[in-house]
Every structure is written in structure tokens, then in C-alpha cells.
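Colleague: coords please:
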Amino acid sequence: MTTMSVSLPAGAQPRRAGHFGAWRALAAVPAMVGSLLMLLVLFGWMGQWEGAVLLGWIGSGAAVFTRLGERVAGRVGAGFRRPSKAQVALLAPAWAAALVRAGLAASEVDLYVQRSREPNAYAAGGRSVAVTTGVLAKFQAHRRGEDYLVAILTHELGHHATRGTKFALVTMWLALPWRFASRLVIGIGLATVGRRQPLRLLALVVLAGVVIAVVQAVQQRQWAVAVVLSTVGVCAVLCPLSDAAVSRRSEYAADRYAASAGLGAQLVAALQVLDGGQRGRRVGLVARLLSRHPEVGRRIEALGGVPGRG
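Modeller: Numbers count the residues shown, from 1 in each chain. Predicted coordinates for the structure are as follows:
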């Protein structure tokens, strides 16, 4: 990629603080433990080889921390691809400028493109950033300048600087069996009660079932069963809410990172383009609590109070 000279505004040094990735990994611990317990049951028939298989599975998760493992995980799990020649021509100047703003060398971070119409961008693992083809199309259609892409890319680099995605890929892998099973159960439940039934009704039915099971376990003095069921029920509610809350704070931190690099105004304009006129749309309370991204309006308001928004 080509390089270009970029000067930072006086006093505008990107902020590098936060441990959002560690907090999100902590929120995923119950799901990872659940995955381990599920695999213990599934591979129980292997006898003495069961431990080796489980260690191999855990080791494959640890391999994601390596650069090669991250590249494979991004390609297989998220569909990340190297930019084409035409995409490189479009992205190279903005990417070079974003790296300068962040004080990083091109060899430290890998840039990818994901084929998706949805205008979005991602940071993954410890050294990956991706933009969708939808982002490129949207900025070409609106004839936006290079600074807007620089702002988006710097925001994603901010996730790495604030450690927001450091453990994302490995926790995703280690929690995969549990989350797959959970979605399968939810899908079966929806098919059983009918998709036209309100989701709140299904949630109440599940909650009532868990409460009844816990009460019966207590009455029969099956304390271990009661504790396990209670823990699973609490984690099923609190962990997704906690993960979403930390993710939203991570987004604000990445916004502040871009703003402190002198790109606050450009990021506001970029968010307005990507939002596509969705500001003001009514969203339910549950959807807001489970959303991993803050409302665009709130992000723009927060950026309005950040110094150094050049």
C-alpha cells in the first residue's frame, strides 16, 4: 500500500485505554463453560481419548491468538477477504492516513473487505480490520471525501487500541457449541409455539419453567440441581445484557479515540451517512438493552462534547 504524510492537530493524541475485551470475555465465561460441559457429554464415548480431544479443541482456540490463526478465523468465520486491486486503489490512501493517525505501521494490522450490502466496518482479534462492500458503495454513491473513510478506519483501530476485540475471536470459538445449542433450542421453541406468538410470551414460558424446576429441586432437597438451574437461568439473562453493555461502552471509547485523533467531525458525518436516515426510529427496550451498538444519535451527541474533533 502507498503511504502518505498526515499531520495530527496539536495536542490530539489518540487515547489508548480500556480493557473492554477482557470484560466481554468475562461475560462469555458461562457460555464457554457450558460448551466444555456439552463436549464432555458428547465425547464421553471416546473414553481415555476424550481428554486429548478436549485439549485439542481448547488449543485450537488458543491458536486464534496467533496471526495465522486470526487470519484463518477471520476468513472462515467472518468471510474476510483481501481487497481486490480496485478496492486497494480506493482504500489505500484512507488506510495509510488512518494508520498514521493511530501511530501504527502497515505491518501491524491487516485490512480486509467483507462482501455484504450492509454498510459496516469491523475490528476483530488483535490485528484485523474489515470494511464491507456496502461501506465502499455508500461512500462512492454519496461522493464523500477520503476523510470520512479515514474516520471509520480510525474508529476501528480504536477498538484495537482500547483492547475491545482482543479476545473476541477466541471467545467466539470456545463458546460456539453452547451458543449453537442455545439457538437450536430457541428455534425449536419458536417452531413449537408458532412464530406469530410474541417473543415475550415464549420468554415468560421459559422463565416459568425454570422457576418451577428450581422450586421442585429445593422441595426435594436436590441442592446441586437447584444451584445449577438457578445459575444457568441468571447467566442466560445477565451475560447477554452485560456483553451488550460493555460493547456499547467500547463503541463510545472507539469514537473518542477517533475524535482525539482529530477526526470527530468526520466521524459524525460518516455516522450520518451510514445511518441512512434511521435516527429517531423507535426501538423497544429489550432490543436497546441487547444491542451491541449505541443509537447513532447518542453517539453523535457524545462526539459533540469531545475535544479535538478537528
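
Colleague: okay, CA-based contacts and neighbour counts for the rest of this
Modeller: Noted.

Colleague: which other helices and strands contact the helix or strand Pro240 falls within?
Modeller: Taking DSSP states H and E as the definition, Pro240 sits inside helix 223-258. Judged by 3 or more C-alpha pairs under 8 Å, 6 or more residues apart in numbering; DSSP states H and E, helix 223-258 is in contact with helix 20-27, helix 146-161, helix 199-219, helix 264-275, helix 285-290, helix 296-304.

Colleague: mind listing what Thr171 touches?
Modeller: Contact analysis of Thr171 by C-alpha atoms under 8 Å, 6 or more residues apart in numbering lists Ala25, Ala28, Met32, Gly61.

Colleague: Ala254: which of the residues you listed is nearest?
Modeller: Ala25 (18.1 Å; C-alpha to C-alpha).

Colleague: Number of residues surrounding that closest one?
Modeller: 21 (other C-alpha atoms under 10 Å).

Colleague: pLDDT score assigned to it?
Modeller: For Ala25, the pLDDT comes out at 88.

Colleague: So that it lines up with my notes, have the first residue be 550 from now on.
Modeller: Sure, I'll start numbering at 550, so the last one becomes Ala574.

Colleague: pretty sure it contacts Ala717?
Modeller: Yes - contact criterion C-alpha atoms under 8 Å: Ala574 and Ala717 qualify, at 7.2 Å.

Colleague: Regarding Val678, what is its secondary structure?
Modeller: strand (DSSP: H, G, I helix; E, B strand; the rest coil).

Colleague: which one is it nearest to, not counting chain neighbours?
Modeller: Of all residues not flanking Val678 in the chain, Ala672 sits nearest, at 4.5 Å (C-alpha to C-alpha, 6 or more residues apart in numbering).

Colleague: The one you found - that's part of a strand, no?
Modeller: Yes - counting by three-state DSSP, Ala672 falls inside a strand.

Colleague: Farthest from the middle of this structure: give me that residue.
Modeller: Gln769 (42.1 Å; C-alpha atoms, centre = their mean).

Colleague: And it, how close does it get to Gly782?
Modeller: Noted for Gln769: a distance of 19 Å to Gly782, by C-alpha to C-alpha, to the nearest Å.

Colleague: And the strand or helix carrying Arg732, what's buried?
Modeller: Element membership of Arg732, judged by DSSP H and E, is helix 725-742. Buried residues in helix 725-742, counting neighbours by 16 or more other C-alpha atoms under 10 Å, are found at Leu725, Pro726, Trp727, Arg728, Leu739.

Colleague: residue contacts, the third one?
Modeller: Each residue near Trp727 by C-alpha under 8 Å, 6+ apart is listed here: Ala580, Met581, Gly583, Ser584, Met587.

Colleague: could you redo the last one with a cut-off of 7 Å?
Modeller: By C-alpha atoms under 7 Å, 6 or more residues apart in numbering, the contact list for Trp727 reads Ala580, Gly583, Ser584.

Colleague: how many other residues sit next to the closest residue to the first one other than its chain neighbours?
Modeller: Distance criterion C-alpha to C-alpha, 6+ apart; nearest residue to Ala580, sequence neighbours excluded, is Ala724 at 5.1 Å. Neighbourhood size, Ala724 [other C-alpha under 10 Å]: 21.

Colleague: Give the phi and psi angles for Ala724, as a check.
Modeller: Main-chain dihedrals, Ala724, degrees, to the nearest 10: phi -90, psi 0.

Colleague: Can you report how many residues neighbour the residue nearest to Arg666 when sequence neighbours are not counted?
Modeller: Of all residues beyond its chain neighbours, the one nearest Arg666 is Gly683 (4.3 Å), with distances taken as C-alpha to C-alpha, 6+ apart. A count of neighbours around Gly683, defined by other C-alpha under 10 Å, yields 19.

Colleague: Low-confidence stretches in the stretch 650-799 of the chain?
Modeller: For the stretch 650-799 of the chain, applying pLDDT under 70 flags the ranges 691-693, 738-739, 741-751.

Colleague: Out of the buried residues of helix 725-742, which is nearest to His709?
Modeller: Closest to His709, out of all of the buried residues of helix 725-742 and judged by C-alpha to C-alpha, is Leu725, at 22.7 Å.

Colleague: Please report how far the closest one lies from Val582.
Modeller: 11 Å.
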